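Asker: Here is my input, please return the structure:
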Amino acid sequence: MNVVIKTGIKSLDDMLGGGILDDSVVLIIYDTYSLGWSLAIELFKGFLERDCFGVVTSYSLPLSMLEKYADMLGFDVEGQGEMSNLVVLDIFGAVNGIPPTRPFVRSPGSVDSSTFLPKVSALYYEVLRDAGSRKPVGLTVALDGFATMFGEDSAMKLFQRNIAMKEMARASEDRPRPINLMLLNKDRVSKRFLSWMSHYSEHIIEFEPTDVPGREKLLVRKSLLPDFEPGVAEFMFSRGKARVV
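Answerer: Sure thing, here's the model as predicted:
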């Protein structure tokens with residue numbers, strides 16, 4: 001029987017068909033000027049408030065910029081890290097030779113397409129020990145950065161291999177399974193890459209612009225829950241607050 005987890009935003013849960021499937025990928029797609037990425041931070045923040053353990057994987061931003069984006073929404077990355085509520089896997093820093101300077105920031109060291117999966121997987125399992133019995137919730141910032149870092153073809157192959165590793169882990173491991181919130185700026189990748197990432201996502205939320213600043217269309221494109229019906233809502237952002245109505 002599928003386990004469904006509420007996002008904490010009723011209108012979004014209704015559109016998804018009840019919530020988010022446990023052990024699933026939620027792909028959040030937006031464009032260059034969109035503020036749709038803020039929804040992922042709101043959801044991530046809400047899960048941590050419900051005693052989940054956060055794992056932020058950063059491909060696109062150095063830590064200082066990651067914190068600025070989070071601060072915009074009233075989310076204190078450093079504070080949550082110091083309270084052992086989250087860990088940042090700093091892939092951007094690793095690739096660009098920036099060593100971690102805070103205890104909650106972890107680096108896999110030097111990586112390329114051949115060493116990425118073994119090094120990052122080992123680091124991830126190390127991080128899970130910090131989570132204990134808490135449910136892990138991942139926030140990927142962002143898949144377009146991942147594609148740029150390794151090239152789209154290599155990134156797609158790495159993603160597929162990671163899915164295969166997760167499938168094997170389901171059969172052999174007895175631990176809480178993660179929810180993964182993955183950001184993707186569609187203006188930075190090909191349609192082919194977008195299509196593959198959509199294929200491997202259980203839920204897809206996409207944002208489209210309107211003529212009104214701070215207001216966008218939110219479309220739930222996909223959900224593998226039986227009660228799902230594709231739908232549209234209004235997404236509003238103002239003064240650090242994101243709302244779905």
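Asker: what packs against the top helix by length along the chain?
Answerer: Looking across the chain with DSSP state H, the single longest helix is helix 152-172. Judged by 3 or more Cβ pairs under 8 Å, 6 or more residues apart in numbering; DSSP states H and E, the packing partners of helix 152-172 are helix 116-131, helix 143-150, helix 191-199. From N, CA and C alone the C-beta is placed, and that goes for glycine too.
Asker: tell me the angle of it relative to helix 191-199?
Answerer: Angle between the axes of helix 152-172 and helix 191-199 is 10 degrees (criterion: axes from the mean of the first three to the mean of the last three Cα atoms, to 10 degrees).
Asker: Please enumerate the helices of the chain.
Answerer: Here the chain has its helices, by DSSP H, at 10-16, 37-49, 63-71, 77-82, 91-95, 116-131, 143-150, 152-172, 191-199.
Asker: As a markdown table, these with mean neighbour count, mean pLDDT and distance to Asp211 would be great.
Answerer: Formatted as a markdown table, the helices of the chain follow (neighbours: other Cβ atoms under 10 Å; pLDDT from 0 to 100; distance: least, Cβ to Cβ, whole Å):
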| stretch | mean neighbour count | mean pLDDT | distance to Asp211 |
| --- | --- | --- | --- |
| helix 10-16 | 19 | 96 | 22 |
| helix 37-49 | 20 | 97 | 20 |
| helix 63-71 | 15 | 97 | 25 |
| helix 77-82 | 17 | 97 | 33 |
| helix 91-95 | 22 | 96 | 34 |
| helix 116-131 | 16 | 92 | 42 |
| helix 143-150 | 22 | 97 | 26 |
| helix 152-172 | 13 | 94 | 32 |
| helix 191-199 | 15 | 98 | 25 |
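Asker: Which one of those helices lies nearest to Asp227?
Answerer: Within the helices of the chain, the stretch nearest Asp227 is helix 10-16; the backing value is 8.7 Å (Cβ to Cβ).
Asker: list the helices and strands the closest one packs on?
Answerer: Packing contacts for helix 10-16, counted by 3+ Cβ pairs under 8 Å, 6+ apart, involve strand 215-223, strand 231-238.
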